[in-house]
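Enquirer: The following block contains a protein sequence and its predicted model.
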Amino acid sequence: MTINSVGVVGAGQMGNGIAHVMALAGYNVVLNDISEDALKRAIDLIERNLDRQVSREKITQDDRDQAMARIVTSKDLPEVAKTDLVIEAATEEETVKQKIFDALLPHLADNTILTSNTSSISITRLASRTDRPEKFMGFHFMNPVPVMQLVELIRGIATDKETYQTCLGVVEKLGKTAASAEDFPAFIVNRILMPMINEAVYTLYEGVGNVNSIDQSMKLGANHPMGPLELADFIGLDTCLAIMNVLHDGLADTKYRPCPLLTKYVEAGWLGRKTQRGFYDYRGDTPVPTR
Ligand code: CAA
């Protein structure tokens, strides 16, 4: 199947990055969100990120202008449903995703491929509640989407070969690399990454190190580009907690128990960069550790 247009549901940190790379690769994009403000913010951010790529000579001004011209925004889900490939990139909550799929289904063409950018929720279960489990799969980008090379492709139990091959072709057209993951909780990247982040929070909780010493240890001692607590703030502490809960519930092993300190930060609404406070406080000129 040929994909010409892509619908992206959710204009947050992942959705705007997905719209950015899809438009740059030549796809016509319909970017959707329930809030007009979120759509406006997403377009501004895409423009800024494209400009950054122009200034670093990764793309030309013409590439940038053409990409922007390929993106339309819409608050109406039926507009998104007209595209060939839909990528749901809303909040990491199953009920929210379910509502979006329910609202999309009556408007989809028969051959539209439906995907989710979920970082942990069962693809098979999401697919089973749609009218097209064979045309449903996981299409999981990494943050920041324009920079990170990997896309995880996750087949549900019913996903057919053509759907997988079509999505693989899209990843290749983006110039990214696909990793095929089986549909088990949190797939590959987050199955490995989140327990590491959770362990960093335990290390902080137990007083083995402070925010600075933990992040510095992993940056300088393991050559990670960001420390685990800095990375947790970057991903969003609510997302990290949601993924740990999926691992804990789905694999029923106490080694995935979310750290109580992570829960406490989320309860405080200190969700990381997006709320300007998490393991670091971002309200000043430079981030200041909160512990
Ligand atoms: N759009 C476009 N370009 C961007 C960008 C964006 N949003 N953010 C950064 N860049 C570009 C910069 O322009 C720069 O390009 P050049 O190499 O051409 O100069 C490059 O990326 C590096 O950026 P910076 O110099 O500003 O900063 P940096 O060197 O500190 O790198 C980083 C920033 C790429 C984010 C790096 O710190 C990093 O790789 N961090 C780890 C990110 C990571 O692990 N992501 C995965 C999270 S897990 C996930 O996403 C899955 C999930 O489900 C939760």
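Expert: It's in.

Enquirer: When you work out contacts or count neighbours from here on, use the C-alpha atoms and nothing else.
Expert: Fine.

Enquirer: which residues of the stretch 101-250 of the chain fall in helices?
Expert: For the stretch 101-250 of the chain, applying DSSP state H, counting those that start in this stretch gives helices covering 123-128, 161-173, 189-205, 211-222, 228-235, 237-251.

Enquirer: closest one to Lys274 among these?
Expert: Within those, the stretch nearest Lys274 is helix 228-235; the backing value is 7.9 Å (CA to CA).

Enquirer: Kindly calculate the angle that the closest one makes with helix 189-205.
Expert: If you take axes from the mean of the first three to the mean of the last three CA atoms, to 10 degrees, helix 228-235 sits at 120 degrees to helix 189-205.

Enquirer: Is there contact, residue-wise, from the longest helix that the chain contains to the ligand?
Expert: Ranked by number of residues, the top helix in the chain under DSSP state H is helix 36-55. Yes - using CA under 6 Å from any ligand atom, helix 36-55 reaches the ligand at 49, 52-53.

Enquirer: which of those count as buried?
Expert: Using 16 or more other CA atoms under 10 Å as the burial test, those include 49, 53 as buried.

Enquirer: returning to that earlier point: right, so the helices of the stretch 101-250 of the chain: which one is the most enclosed?
Expert: helix 228-235 (a mean of 23; mean count of other CA atoms under 10 Å).

Enquirer: what's that one packed up against?
Expert: In this structure, helix 228-235 makes packing contacts with helix 189-205, helix 211-222, judged by 3 or more CA pairs under 8 Å, 6 or more residues apart in numbering; DSSP states H and E.

Enquirer: For this protein, what lies in contact range of the ligand?
Expert: Residues of the chain lying near the ligand (CA under 6 Å from any ligand atom): 49, 52-53, 56, 119, 142-144, 146-147, 225-226, 235.

Enquirer: Residue ranges of each domain in this structure, please.
Expert: As given by automatic domain parsing, the domain ranges for the chain are 5-182, 190-284.

Enquirer: one step back: could I get the helices of the stretch 101-250 of the chain in a markdown table, plus columns for mean pLDDT?
Expert: Listed next are these as a markdown table, based on pLDDT from 0 to 100:
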| stretch | mean pLDDT |
| --- | --- |
| helix 123-128 | 98 |
| helix 161-173 | 98 |
| helix 189-205 | 98 |
| helix 211-222 | 98 |
| helix 228-235 | 98 |
| helix 237-251 | 95 |
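
Enquirer: List the buried residues for the helix or strand following the longest helix of the chain?
Expert: Per DSSP states H and E, helix 36-55 leads on to helix 61-69 as the next helix or strand towards the C-terminus. By neighbour count on 16+ other CA under 10 Å, the buried set for helix 61-69 is 63-64, 67-68.

Enquirer: Tell me which of the helices of the stretch 101-250 of the chain approaches Ser74 most closely.
Expert: Nearest to Ser74 among these is helix 161-173; the distance by CA to CA comes to 22.7 Å.

Enquirer: Run through who's touching that closest one.
Expert: Applying CA atoms under 8 Å, 6 or more residues apart in numbering, the contact partners of helix 161-173 are 1-3, 25, 113, 134-137, 139, 151, 153, 155, 177-178.
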